[in-house]
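J.: Here is my input, please return the structure:
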Amino acid sequence: MRVGLAPMRDLLARLGAPQASLRVIHVGGTKGKGSVCALIEAGLMRAGLRVGRYASPHVESVTERVCLQGRPVADAALARALTRALDAHEAARRDGTAGADATWFDVLTAAGLAIFGEAGLDWAVIEVGLGGRLDSTNAVDGEVAVVTNVGLEHTEILGQTRAAIAAEKVGILKPGAALVTTLDPDDEAGAVAAARAAALACPILRPAIPPGAPIAEENAALAGLVLDHLGRRGARGRDCLPLRAALLDAEARAGARLPGRLERRTIPTAAGPVPVVLDGAHVPFNLAAVLRDLARAPDLSGPCIALVAMAADKDAAGFLSALARSAEAVVCTEMPERRGHGAAALRALAAAAGLEAEAMATPEAGLAQAADLAAARGGWLLVTGSLHLVGALRGSTQA
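T.: Residues are numbered from 1 along each chain as shown. Have a look, this model is predicted:
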């Protein structure tokens, strides 16, 4: 766990401080932050503005992390920026300055900001990687800080309570910025966020979201509130009209859909095509929201068969308990190149939660087995627990 942002700031200084020229909207939270970033990006682009979006993790290609006008940058452009950032890291090592301790995520983030600094952007939408206060992205100064929500995640790094995690996430709020969040001030995490905002004399904006609203509506409400706030503060589009939530029309929302977030696809089997939902949910309350939304889908009939892999720092027992409330069976697998829960360990946890469960050594074998189960039972398949799992298998499904 890092103890400061000095390495990141050293890298950026050596790259000419590209972040200093950017107008930034900074987005953190436990779930939904990537989708909220994409929606804000879509609204700004609808207003005719030039926009960059920095995101993590990627699903299939690292270039997904650095987008200009809604499209990942070219391989060559990212390679050039990474070379510059790595050169800055090497120079810091020679000079014995803070940048010598930069992480890979520092280098990648610095490369992304360097691209944005040269692109003549009107706005940069920056997604937090992990936490917020000490995240590499917190070297930027956002005019708006979004904290979508707070759940228990990365507890070995961020803290054991939602209040402790909220303190890390709201660390992206800077003096003079506005905080946009769903957190209620009476909630333990919301109280921490409110105290931080009060200490910095920052306004707090909360969207009106009915209980049980679909994930897409919650994300759109947060993004729309950001656009309305910027418009009230004088930010305008190319048409000279103030920014506003109405920019997020149906076309803009459709264009903001990200891979691996409630993504609907199919997979062929001997018994015919099986509906597949790809979603990288990895914390229990996020999965519960995903399953609640999918329960409303009239075309997903029959039992849910899930394919699950999870990183080692995730609450696998809680996740599988949430899954057991909706799924009939689960196939557990693992990502060999990543530190994660073993397939056999996940199967044991799933069985303890009351799920019919089996383990497969590889994601590919797990996908084949889960798809055959879904086909045999007239059901559908949910691939979840990790965006890395989604990325590894997305190419094996069909749009």
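J.: Give the burial count for residue 345, as a bare number.
T.: 16 (other Cβ atoms under 10 Å). (Glycine included, C-beta is placed from N, CA and C.)
J.: To clarify, my last question referred to residue 57.
T.: So residue 57, with other Cβ under 10 Å, has 17 neighbours.
J.: Quick one: name whatever helix or strand follows the helix or strand of the chain with the lowest mean pLDDT.
T.: Scoring the helices and strands of the chain by mean pLDDT, DSSP states H and E places helix 155-158 at the bottom, with a mean of 66. Going down the chain from helix 155-158, the next helix or strand is helix 162-169, by DSSP states H and E.
J.: ok, the helix or strand just after that next one: who's next to it in the sheet?
T.: Going down the chain from helix 162-169, the next helix or strand is strand 178-181, by DSSP H and E. Next to strand 178-181 in the sheet, as set by DSSP bridges, lie strand 142-147 (parallel), strand 204-205 (parallel).
J.: out of the ones you listed, nearest to residue 346?
T.: Proximity to residue 346 (Cβ to Cβ) singles out strand 142-147 among the strands paired with strand 178-181, at 30.3 Å.
J.: and that closest one with helix 162-169, angle?
T.: Counting by axes from the mean of the first three to the mean of the last three Cα atoms, to 10 degrees, strand 142-147 lies at 160 degrees to helix 162-169.
J.: Next, the buried residues of strand 142-147.
T.: 142-147 (16 or more other Cβ atoms under 10 Å).
J.: Farthest-apart pair in those residues, please.
T.: The largest separation in the buried residues of strand 142-147, counting by Cβ to Cβ, is between 143 and 147 at 15.0 Å.
J.: Strands of the chain, residue ranges please.
T.: In the chain, the strands defined using DSSP state E lie at 24-28, 51-54, 66-68, 71-72, 123-127, 142-147, 178-181, 204-205, 263-267, 274-278, 304-308, 327-332, 356-359, 380-384.
J.: of all those strands, which lies closest to residue 390?
T.: strand 274-278 (4.7 Å).
J.: Just give the strands next to the closest one in its sheet, each with its orientation.
T.: strand 263-267 (antiparallel), strand 380-384 (parallel).
J.: so which of the strands paired with strand 178-181 comes closest to residue 111?
T.: Of those, nearest to residue 111 by Cβ to Cβ is strand 142-147, at 19.4 Å.
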